[in-house]
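Student: using only what follows, build the 3D model:
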Amino acid sequence: MNLPTMLIEIAALFSLATAFTSTSRTPFLPRNRVSSSLARPSSTNLCMKTIAVFGASGLTSSECIYQALNDGDSVVGLTRNPSNLVIPAGSGGGEGETPLTSPNLTCIAGDVTKAADVASVFAAGPIDGVIISLGGKTSDVGKTMLTDGTTNVINAMKENGVKRLAVVSSIGVGDSENQAPLAFKLLMMTVMKSIFADKNAQENVVVNSGLEYCIVRPGGLTVEPPTGVINVIEGKAGSIPRADVAQFCLDAIMIEDFPYIGKAPCISSVGGTSWVKDRSKAARGEMEK
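Tutor: The predicted structure follows:
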């Protein structure tokens with residue numbers, strides 16, 4: 001067995017192994033939620049109507065889209081392959097892997113590294129907030145796709161007066177290098193070296209953007225149903241379903257005084273206190289019809 005193959009197989013054990021790792025953690029709760037059964041005060045809600053999702057057909061992006069649509073929001077997505085956008089297995093249950101369609105969803109075929117394609121998302125209508133969750137093999141998308149694409153999105157946001165941004169990065173990027181388990185560190189230094197160089201450059205672009213950003217660094221990603229457990233951690237990263245990562249991203253662009261704006265939190269589902277989202281019309285400051 002060659003080294004890259006062996007490292008990839010080791011990394012496949014990441015989510016399981018890290019579930020038993022001792023770590024310092026802070027349970028994430030929306031700042032104004034006293035109890036999980038209480039609605040968010042309308043004074044702190046951005047009353048979002050439309051979000052843009054870049055990398056729309058990805059596993060985490062599809063969770064963001066699916067959850068936003070179920071909450072009554074509209075979504076404009078950009079992906080190279082709109083036909084790949086399906087209901088996520090985690091939140092979608094028995095409907096998982098079937099085509100994701102909705103009158104409130106506009107999915108545009110395009111390349112995030114092309115400024116004109118990115119501009120088409122904002123031309124579709126007023127955008128209230130943006131989620132970037134890009135991926136793909138370096139051999140397919142190039143060594144600087146994350147940085148170039150994110151730069152295009154940031155420029156378009158500024159041109160259109162959009163300020164709130166959530167970016168899905170990874171554990172091990174930036175100052176979280178020591179939070180990655182050993183097996184993952186080996187991958188970062190070998191077969192994933194160019195990817196992590198791009199991720200680090202991407203984060204730098206976001207940090208220097210002047211926008212209201214949250215860089216989200218999840219631990220080992222799974223496609224399990226949402227747990228409602230999201231911890232901001234300081235030690236080694238554990239695993240977390242993509243559905244929970246999506247929830248964190250949506251809150252980052254929907255809660256006006258979200259506590260991690262301008263920060264790059266590492267998140268994990270291991271341990272902590274569960275919470276339940278509430279985006280009912282009452283919670284959003286809207287009147288029931």
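Student: so which bits of stretch 114-133 are buried?
Tutor: By 16 or more other Cβ atoms under 10 Å, the buried positions in stretch 114-133 come out as 115, 117-118, 120-122, 127-133. Heads up, the C-betas are built off the backbone N, CA and C, glycines and all.
Student: over to stretch 90-108?
Tutor: In stretch 90-108, counting by 16+ other Cβ under 10 Å, buried: 90-92, 96, 100, 105-108.
Student: tell me the contacts of residue 124?
Tutor: 76, 106, 108 (Cβ atoms under 8 Å, 6 or more residues apart in numbering).
Student: and which of the residues you listed is nearest residue 224?
Tutor: Using Cβ to Cβ, residue 76 comes nearest to residue 224 of the contacts of residue 124, at 27.6 Å.
Student: direction included, what does the one helix or strand that closest one maps to pair up with?
Tutor: Using DSSP states H and E, residue 76 sits in strand 74-79. Next to strand 74-79 in the sheet, as set by DSSP bridges, lie strand 50-54 (parallel), strand 105-109 (parallel).
Student: what's downstream of that strand, the next helix or strand?
Tutor: helix 89-92.
Student: for that next one, give me every contacting residue.
Tutor: Taking Cβ under 8 Å, 6+ apart as the rule, helix 89-92 contacts 63, 66-67, 70, 96-98, 222-226, 241-243, 246.
Student: quick one: the helix or strand where residue 150 lies to strand 74-79, angle?
Tutor: Using DSSP H and E, residue 150 sits in helix 145-159. Interaxial angle of helix 145-159 relative to strand 74-79 (axes from the mean of the first three to the mean of the last three Cα atoms, to 10 degrees): 140 degrees.
Student: give me the contact list for helix 145-159.
Tutor: 54, 112-115, 118-119, 121-122, 127, 130, 132, 134, 136, 138, 142, 162-163, 165, 167, 198-199, 201-202, 205-206, 209-211.
Student: pull out the buried positions in that helix.
Tutor: Buried, per 16+ other Cβ under 10 Å, within helix 145-159: 145-154, 156-157.
Student: likewise stretch 234-250?
Tutor: Those would be 236-250, for stretch 234-250 by 16+ other Cβ under 10 Å.
Student: chain center to that stretch, what's the gap?
Tutor: 9 Å (Cα atoms, centre = their mean, to the nearest Å).
Student: equivalent analysis for stretch 144-155, please.
Tutor: That offset, for stretch 144-155, works out to 16 Å (Cα atoms, centre = their mean).
Student: and that stretch, what's its mean pLDDT?
Tutor: For stretch 144-155, mean pLDDT rounds to 97.
Student: same check on stretch 202-210?
Tutor: For stretch 202-210, the per-residue pLDDT averages 97.
Student: which helix or strand in the protein has the lowest average pLDDT?
Tutor: Using mean pLDDT, DSSP states H and E, the weakest-scoring helix or strand in the chain turns out to be helix 14-18, at a mean of 38.
Student: ok, residue 174 - how many residues close by?
Tutor: Using other Cβ atoms under 10 Å, residue 174 has 17 other residues around it.
Student: can you report phi and psi for residue 221?
Tutor: phi -90, psi 140 (degrees, to the nearest 10).
Student: can you pull the pLDDT of it?
Tutor: pLDDT, read off for residue 221, is 91.
Student: report the separation between the closest residue to it other than its chain neighbours and residue 50.
Tutor: Distance criterion Cβ to Cβ, 6 or more residues apart in numbering; nearest residue to residue 221, sequence neighbours excluded, is residue 242 at 5.4 Å. As judged by Cβ to Cβ, to the nearest Å, residue 242 and residue 50 stand 22 Å apart.
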